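> Below is the structure, and that's it, no one-letter string:
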């Protein structure tokens with residue numbers, strides 16, 4: 001069994017002072033949401049063994065804030081910043097996932113961007129929780145987390161429509177469930 005966690009970066013400022021998209025930073029809500037999701041991940045094992053992060057400022061900040069919120073709750077995973085995650089489409093992301101076979105973590109997390117992450121989540125989904133599938137169909141929102149299990153022990157065998165969507169969670173969904 002291999003578990004894949006897809007975490008979209010948190011909410012950002014509209015424009016970076018530099019004018020470069022990769023330099024956009026998290027806004028206040030984004031920082032709060034990243035901490036909330038990190039805390040949630042830290043309270044819901046199993047935890048990622050390895051995390052691959054886009055080097056765009058907003059993705060790196062999301063990971064750092066989430067990691068800080070996880071400290072003391074979860075063991076710290078190995079982390080790598082991969083330029084190819086920025087702007088990647090589902091096929092490129094799948095290639096990156098399969099390359100994890102070199103280090104072979106049991107649980108892998110990607111921290112990246114839409115539209116690629118949302119499209120990847122949709123194309124990986126072959127089965128799973130119907131409510132989660134319905135919620136994910138429309139969007140992978142900022143700070144959204146989709147968790148998949150694959151019935152294989154080899155990342156090279158991970159492919160489209162083979163994932164079981166275990167859960168989909170976002171700060172908005174967490175707030176709604178705490179009010180129910």
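Sure, I can see it. Since the structure is predicted, the reported quantities are computational estimates derived from the model, not experimental observations.
> alpha carbons only for contacts and neighbour counts from here, please
OK.
> Tell me which other helices or strands the lengthiest helix in the chain touches.
Longest helix in the chain, counting residues (DSSP state H): helix 28-43. Contacting helix 28-43 under the criterion 3 or more CA pairs under 8 Å, 6 or more residues apart in numbering; DSSP states H and E are the following elements: helix 57-70, helix 171-179.
> Beyond it, next helix or strand please.
Taking DSSP states H and E as the definition, the helix or strand that follows helix 28-43 towards the C-terminus is strand 50-53.
> just checking, what packs against that following strand?
Other helices and strands packing on strand 50-53, by 3+ CA pairs under 8 Å, 6+ apart, are helix 57-70, strand 78-81, strand 107-112.
> Could you dump the ones you listed into JSON lines and include mean neighbour count?
Putting these into JSON lines (neighbours: other CA atoms under 10 Å) gives the following:
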{"stretch": "helix 57-70", "mean neighbour count": "23"}
{"stretch": "strand 78-81", "mean neighbour count": "14"}
{"stretch": "strand 107-112", "mean neighbour count": "26"}
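> Tell me which of the helices and strands packed on helix 28-43 approaches residue 5 most closely.
Counting by CA to CA, residue 5 lies closest to helix 57-70 out of the helices and strands packed on helix 28-43; the figure is 12.7 Å.
> Okay, buried residues for the longest helix of the chain please.
For helix 28-43, the neighbour count (16 or more other CA atoms under 10 Å) marks 30-42 as buried.
> SS state for residue 18?
Look at residue 18: counting by DSSP: H, G, I helix; E, B strand; the rest coil, its state is coil.
> Next one, pLDDT for it please.
In this model, residue 18 is scored at 84, pLDDT.
> which stretches of this protein have low pLDDT?
178-180 (pLDDT under 70).
> again, 80 this time
Within the chain, the stretches falling below the threshold (pLDDT under 80) are 16-17, 74, 177-180.
> which residues are in contact with stretch 142-153?
Residues from elsewhere that reach stretch 142-153 (CA atoms under 8 Å, 6 or more residues apart in numbering): 1-11, 30, 33-34, 37, 106, 121, 125, 158, 162-171.
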